[in-house]
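what's the 3D shape of this:
(chains A and B)
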Amino acid sequence: MCKLRKRLLLFFTLAAGTLAAQNHTVSGYVTDAANGETLISATVIDKKTSKGAAANNYGYYSLTLPKGEVSLNYSYIGYETDEKTFVLDKDTVLNIALKLNNTLDEVTVVGMRSEMGVKGSQMSAVEVPINLIKNIPTLLGENDLIKALQLLPGVQSGTEGSAGLYVRGGGPDENLLLLDGVPLYNVNHMLGFFSVFNSDALKNVTLYKGSFPARFGGRLSSVVDVRMKDGDDKKIRGTASIGLISSKIQLEGPIIREKTTFNVSARRTYIDVLTQPLIKAAAKAEGGDGNTAAGYYFYDVNAKFTHKFSDRDKLYLSAYLGDDALYAKVRTRVSYNMDFEDKDYTNLNWGWGNVVTALRWNHVVNNKLFMNTTASFTRYRSKLGLGAENVQTDKSKTPPKEEKSELNLTYNSGIRDWTAKMDFDYTPNSAHDIKFGTNYTYHTFRPDVTSMKFVDSEIVNKVDTVIGSPVVYAHETMSYIEDNVSIGNLLKVNLGVHFSTFHVQNQNYSSLQPRAGVRLLLTDNLSVKAGYAGMSQYIHLLSNSLVSLPTDLWVPVTKRIKPMNSHQYSAGLFYSMAGIADFSVEGYYKTMGNLLEYKDGASFMGISTNWEDKVSTGRGTAYGVELLAQRSFGNTTGWVGYTWSKSDRIFDEPGNELNNGKPFPAKYDRRHDISLTLTHKFSERIDLSGSWVFSTGNAATFAFHEVKGAGYPNLDNPYPVSVEIPHVSARNNFRYNSYHRMDLGVNFHKVTKRGNLRTWNISIYNVYNRWNPFFVYADSHSRQNPQTGEYETVNKLKQATLFPIIPSVSYTIKF
Amino acid sequence: MKKKHTPAFAVLLAISLGIFISCEKDIAFKGEVTDPMLVVNSTVNTDSVVSAHISQSRFVLGKVSPIPDVENAAVTLYVNGTVMEKLAHKGKGVYKGSYVPKPSDEIGIEVEAPGFEKLGAKTMMPENVNLSVKSVTETVKENSYPDGNTGEKLIELNIKLTLTDNPEQENYYFIKGRRNAYYQGMLQFSYPLDLKLSDILDNKQVVGGGDAVSGILWEEDDGNRNIKNIFTDLFVNGKELGLNFIFHEPVQTDPDQTIEYEIEVAQMSKDLYLYVISANKAISNNGIPIVEATQVHSNMTNHVGILGAYNSHKMVFTCSRDDSNP
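This is a model prediction of the structure:
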């Protein structure tokens, strides 16, 4: 037995050694030859064996091949293919710099991830080209990432102009928005009309709507993976643009050539500056003393520094800082009879915004193992301050008598995260692409704190109090492992598991979430895919308005409020018509549990009970079919998408029912949704872009009846009084009219004598001036009855539109 | 080149700002105009006979007319599952009986009216409020009320009560107060007091009871919508809650005049509490376009109206007079 064991051991050792000795690994980075930017998901394929690999999020690839002659083909759409033929007789580091394909200009350069195409195992995901985002005509000329995502099938926007994302029936808080791997909590500027993403700073954006890879977790409905540019490592370049409501500047370049780079961009609106004279004039006309200031502005700053120690080690430092500010200061003074003076001073300051910083270290452990370690901090906060002071002076007295009262009210809410994580990419051979990692986050939640101070010289007692929900601390961990396995040439399977834990208020939650995706190649251009993803979410966003307000609260699960969960099944067909376009049809079915909604009558602030007492928990379902035809190359690019979908909710927890425990449509349940986006390059000097969207009406809650309230008349009182209350028969009982809109934009380019590229952009939002519904209300007006001659009050349904046709212009210079 | 572009930019900006205004239009109502619903509102308490007001709903669109009362309904009162009596119509949609509910009674109402489906609701009359007087002190202060008059004395009436919460159940409370002025034993003036929970409650955690309730359960005779100060026992379950009232009165010297402070602490049924909170919010939000309409809580089988109950404990405190100096 002992001899047999020894012989077996020797045999397997030799076999392993023989096998290993027959394979070698080629690895390295794929970058843009012009500026050194890494090319995410660039592909490398060996023509002889047909084995291939894709570069990861940091542009690093690893491909293990049999010893011998290899012919490696490196490609990335929009770039010239690079071919390397050599004898592979040892592990080799090969960094590739691809050149831009000069026959296709930048406007048509798009990247398409191989793992999302016909041959990849990933479904329900779309990579949105940054250049397309920059060219899609948008509101007031402010190109916006979120607005571009809203044009994709399966993604609904919220109200007109908002930056909300409602993906496959999910809510706006069910989207994980990552900026270089760090979550952002509130991505809205200006009540949601614009997002915090400055497209000048971005390199790559991918939206996952389902079949989530195991490395993602913490949200139910989508992942938006946004990567910032590292910065040109060869020369300093930049972009400056001025638009109707904001200006931007972006600067990038080497600090040490081909070693250390920077990329900084900033944006600010100037609505407040433009409107200030109008506000002062209006205040003066109303009797003010001219000391009136009011305005709104937002700004954001993105910065990223990259240092390359060697081919094996890179360090990144990135930061985002953005804020919105709404302010008003009014001072009035009125005098009576020369003896009496009344002074009022009111000020409002409302600020909300994000701070994100991350330090990241990439390390090539060996040619098959790549490591990324990140430490990050993210903070979102909203602070509202209201102050009012009144001073009454009686000058007839000696000394003059003053009576003063002062009220100060502040409302704070926010969330802070400290995170440390490690991620590994391991490619043992060409059939496996393994990713695994772990992550820890320390959360601090401040759901709502209101402090009030009231002083009045006439009243002895003053009020000085602080109320609200206590600060909550939580610990969240996440671990995952996934393997993208190629089984022969026809079958590809992605199997993974995501495990997370959440510890809060002495309560532990954990969740094991399996993920699976499979692709069967029917022909070289046709494949069928299916996927499943189980997801858990430990934080919620409480909101009870139609627009995104900074007072929307981020709250964690607690002992009473359980984590949200979802199960999503999807399947689809994918077809690539060579030289024409890519087509896909995909169906999904999703169930969601432990969803939260405010109870009827609850609100975000005021003297009210703890937030846990203001919410009900329920469940939801969403299902639909999405069709997408996408063209990513040539002079004409864009996509056409159609979605049929349905999404319901039911909150029937005894004692905490909503809608009397009956099912109701989800907030943005729209049955049909069509979007068409096209960009065409006529020449080097002119390109045109346009989009057209159509969707059937949003659901909304409307009170179609009025009833008498419980204040009934007292018969002893000859003047009976009562109150009338609007009555809502069911949640989301009303459908707005259909929404459709066309936007057009044209770019005029010119290269100046100094070699700078100057671009004038003229765009029109809502070209045919469609009056789309923003909200609906019952409006009263008086009319004379033609028969009786008496005047009567009549209520009619009125629809308000926010944005009619809006032209805009901007000027951009690239240097 | 710059000069050519600047005027065009400014003109375009001006046009753009001018166009950027909200547009409104009338739209047709495409839904179904539903039949009016029967609306039953009844708030029963231990101090008065059971009564209910019955009306019908009004469709919001079209000609606005007064909400009609229903004067031909058959209203049956159930107490603890047994038919107690039929309520009689007294006019203007008000139906009254003769039964005065007792604590822990299960009160049920069933209403039938021609053209409407039968509907009903049940509620439990809360237990008596466990309220006791901890102390009542009067302190005379001089010139502490800065009205410019010298030499006037003020009485500071400090009333401390203790509310003991029942740990066995969820409890919902409200606090009201009135100031009554009598002359020769006849009530001259009576008005509700503007009490603030944050001033009254010793336990600050409870602050954050309820929002002001506009027009719900309000005092019919003075038009002041002053029923508020609603809170739950969420943070004080089973505990003793201190209530502290401070009032100031000029010292009374007229022997014919008497000033009373009436404090009412009541326990409400959960349905009534939810109705009050949601109805107030529905009224407040009405007409604000960015806030969705609120569904008002109802325990009626047709989900409109309310059968609520409250059991109140009233205490009356009389201010002292200074008979030595008429």
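
okay, and the residue in the stretch 1-150 of chain B that chain A sits nearest to sits in which element?
Using C-beta to the nearest C-beta, the single residue of the stretch 1-150 of chain B nearest to chain A is B:His53, 3.5 Å away. For the C-beta atoms, the positions are set from N, CA and C on the backbone; glycine is no exception. Assigned by DSSP states H and E, B:His53 falls within strand B:51-56.

elements contacting that strand?
Where contact means 3 or more C-beta pairs under 8 Å, 6 or more residues apart in numbering or on different chains; DSSP states H and E, strand B:51-56 is packed against strand A:705-708, strand B:38-45, strand B:94-96, strand B:106-112.

so what strands line up beside the next helix or strand after that strand?
Following strand B:51-56 in sequence order, the next helix or strand is strand B:58-59 (DSSP H and E). With DSSP bridges as the test, strand B:58-59 is paired with strand A:705-708 (antiparallel).

could I have the CA atoms of the following helix or strand past the strand it pairs with written out in PDB?
As assigned by DSSP H and E, the chain's next helix or strand after strand A:705-708 is strand A:724-727. Below are the C-alpha coordinates for strand A:724-727, written out as PDB (Å, rounded to 0.1, in the frame of the first residue of the first chain):
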ATOM      1  CA  GLU A 724     -63.600  68.800   4.100                       C
ATOM      2  CA  ILE A 725     -60.900  66.200   3.500                       C
ATOM      3  CA  PRO A 726     -59.600  65.100   0.100                       C
ATOM      4  CA  HIS A 727     -60.300  61.300  -0.200                       C
END
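
what lines up beside strand A:724-727 in the sheet?
strand A:705-708 (antiparallel).

quick one: mean pLDDT for the partner strand?
Mean per-residue pLDDT for strand A:705-708: 90.

other residues contacting that strand?
If you take C-beta atoms under 8 Å, 6 or more residues apart in numbering or on different chains as the criterion, strand A:705-708 is touched by A:722-727, A:729, B:34, B:36-37, B:39, B:41, B:53, B:55, B:57-60, B:67, B:304-305.

which of those residues count as buried?
A:722-727, A:729, B:36-37, B:39, B:41, B:53, B:55, B:57-60, B:67, B:304-305 (16 or more other C-beta atoms under 10 Å in any protein chain shown).

in contact with B:Asp35, which residues?
Contacts of B:Asp35 by C-beta under 8 Å, 6+ apart are B:Gly115.

switch to 10 Å and redo it
Shown in contact with B:Asp35 (C-beta atoms under 10 Å, 6 or more residues apart in numbering or on different chains): B:Gln56, B:Ser57, B:Phe59, B:Gly115, B:Phe116, B:Glu117.

tell me the phi and psi of the fourth one?
Backbone dihedrals for B:Gly115, given as degrees, to the nearest 10, come out at phi 90, psi 0.

for it, grab the count of nearby residues.
10 (other C-beta atoms under 10 Å in any protein chain shown).

isn't it right next to B:Leu38, touching?
Yes. Counting by C-beta atoms under 10 Å, B:Gly115 sits close enough to B:Leu38 to count as a contact (8.7 Å).

identify the contacts common to the two.
Shared contacts of B:Gly115 and B:Leu38, counting by C-beta under 10 Å, 6+ apart, come down to B:Gln56, B:Val70.

tell me the strands beside the lengthiest strand in chain A, with direction?
Criterion DSSP state E: the longest strand present in chain A is strand A:401-429. Paired neighbours of strand A:401-429 in the sheet (DSSP bridges): strand A:369-394 (antiparallel), strand A:432-456 (antiparallel).

is it true that the residue of the stretch 1-150 of chain B closest to chain A touches A:Val723?
No. Taking C-beta under 10 Å as the definition, B:His53 is not a contact partner of A:Val723, at 11.5 Å.

low-confidence stretches in chain B?
For chain B, the stretches with pLDDT under 70 are B:1-22, B:143-152, B:198, B:202-228, B:234-235, B:289-291, B:321-326.

mind naming the longest strand for it?
strand B:305-318.

run the contact check for that one versus chain A.
Yes. Using C-beta under 10 Å from any C-beta of the partner chain, strand B:305-318 reaches chain A at B:Gly305, B:Ile306, B:Leu307, B:Gly308.
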